[in-house]
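Undergrad: Sequence and computational prediction follow.
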Amino acid sequence: MIKTSYLVIAAAATATYGLRLGGLLLAGRLPGSGRFKRFMDALPGTILLSLIVPAALAGGLWSWIATACTALCSLTTGNVFLSMIVGVVIVAVSRWFGL
Amino acid sequence: MGSQSNFAQLRAGFIANLVVAASVGAYGSVLGLLAAKKGIDWLELLTMNLFVFAGSAQFVAVDMWLPPLPIAEITLAVMVINMRYLLIGASLHPLFIGKSLGHKALFIHLVADENWAMTMARFRRERITTYFLLGGGLCVQFAWCCGTMAGHRLGAIIENPERFGLDFAFVAVFTALVFGFWRGRRDLLPWIGTACLAVAAERYLPGKWYILAGGVGGALIAALVPEKATEEPGND
């Protein structure tokens, strides 16, 4: 007898995997030209931006400052790790002092 | 592509994602602690990591974990949170062109926000392959499993990651990568639209729908802007 817990995990896993593979296969069936192509080409940037903006906004002023400094650091150095550290330190310090 | 270069790609992907490994591990340890409190045993948690492999969805699933287990509700909640993977999967299509169905089915599983972003940023600049994506997935998965197992067996390494700004680590990494996604002035209108839609949706819709609203809405703007406006000389 399979424990219910593993049924729940299997259902959640199937749903998640279905979305990942479904998206990939669906994209292969869309026409690769015209408006569909422009939609698909723009998609990576718009997804990433959607991940960033509300999360950065939710943290208030210091979160915005940290985001701006991270962006600036990334633009000038091109170093992802350094840019991340800059942002995290600003947020951590501002919280430490209850700003 | 020979096996040597596949391995090199795998390695490069793994290394590129080490940037987020510490934060992934810290959040994993919090999830591990919560799971232990809910009476989820380590094998169940590990199985969930390996097969669901989606951070925020797993947090919600563990939160809803009260006997008798509401299988339909948990599955639905996980599906809603992970709806963005439909878009993320679709956006990976250019990387998978020419690959067999089996290859797609195998390599698409280990896709998280982090290694997806890292892969797409690199894909704009270099000829990378699906092995880069997989290497990143293995890195994130490894950090996730180490973190969750440590949290489950020993308690959270860091009880409150927010205190150290670790919640911001993900936003910061995405921010550092976002310039690699910028394709020039034709992105201006779609990106402004995306930001507005994502913020509005985050305010008025529950859960993670804002990622879908911003992602689809912004890309629709790009699709509907007349072709002429997108013709642009230059190096973008």
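TA: Structure received.
Undergrad: just checking, what packs against the host helix or strand of residue B:56?
TA: In the assignment (DSSP states H and E), residue B:56 maps to helix B:55-63. Helices and strands in packing contact with helix B:55-63 are listed as helix A:4-29, helix B:18-37, helix B:42-51, helix B:71-81; criterion 3 or more C-beta pairs under 8 Å, 6 or more residues apart in numbering or on different chains; DSSP states H and E. In this view, the C-beta of every residue, glycine as well, is placed from N, C-alpha and C.
Undergrad: from the middle of its chain, how far away would it be?
TA: In this view, helix B:55-63 has its centroid 14 Å away from the chain centroid, taken as C-alpha atoms, centre = their mean, to the nearest Å.
Undergrad: outside of it, which residues touch it?
TA: Defining contact as C-beta atoms under 8 Å, 6 or more residues apart in numbering or on different chains, one finds that helix B:55-63 is touched by A:8, A:12, A:16, B:24, B:27, B:31, B:34-35, B:38, B:40, B:48-49, B:52, B:74, B:77-78, B:81-82, B:112, B:144, B:208.
Undergrad: ok, which stretches of chain B are helices?
TA: All helices of chain B, identified by DSSP state H, fall at B:3-16, B:18-37, B:42-51, B:55-63, B:71-81, B:84-91, B:101-107, B:113-123, B:130-154, B:166-178, B:188-204, B:209-224, B:227-230.
Undergrad: picking that back up, just the buried ones out of the contacts of helix B:55-63, please.
TA: Among these, those that count as buried by neighbour count (16 or more other C-beta atoms under 10 Å in any protein chain shown) are A:8, A:12, A:16, B:24, B:27, B:31, B:34-35, B:40, B:48-49, B:52, B:74, B:77-78, B:81-82, B:112, B:144, B:208.
Undergrad: In chain A, what residue comes closest to chain B?
TA: Each residue of chain A has a distance to chain B, by C-beta to the nearest C-beta, and the smallest belongs to residue A:23, at 2.6 Å.
Undergrad: Check which helices and strands whatever helix or strand residue A:76 lives in is in contact with.
TA: Counting by DSSP H and E, the element that carries residue A:76 is helix A:61-77. Here helix A:61-77 touches helix A:34-58, helix A:80-96, helix B:166-178, going by 3+ C-beta pairs under 8 Å, 6+ apart.
Undergrad: Now with 6 Å, please.
TA: Contact here means 3 or more C-beta pairs under 6 Å, 6 or more residues apart in numbering or on different chains; DSSP states H and E; on that basis helix A:61-77 packs against helix A:80-96, helix B:166-178.
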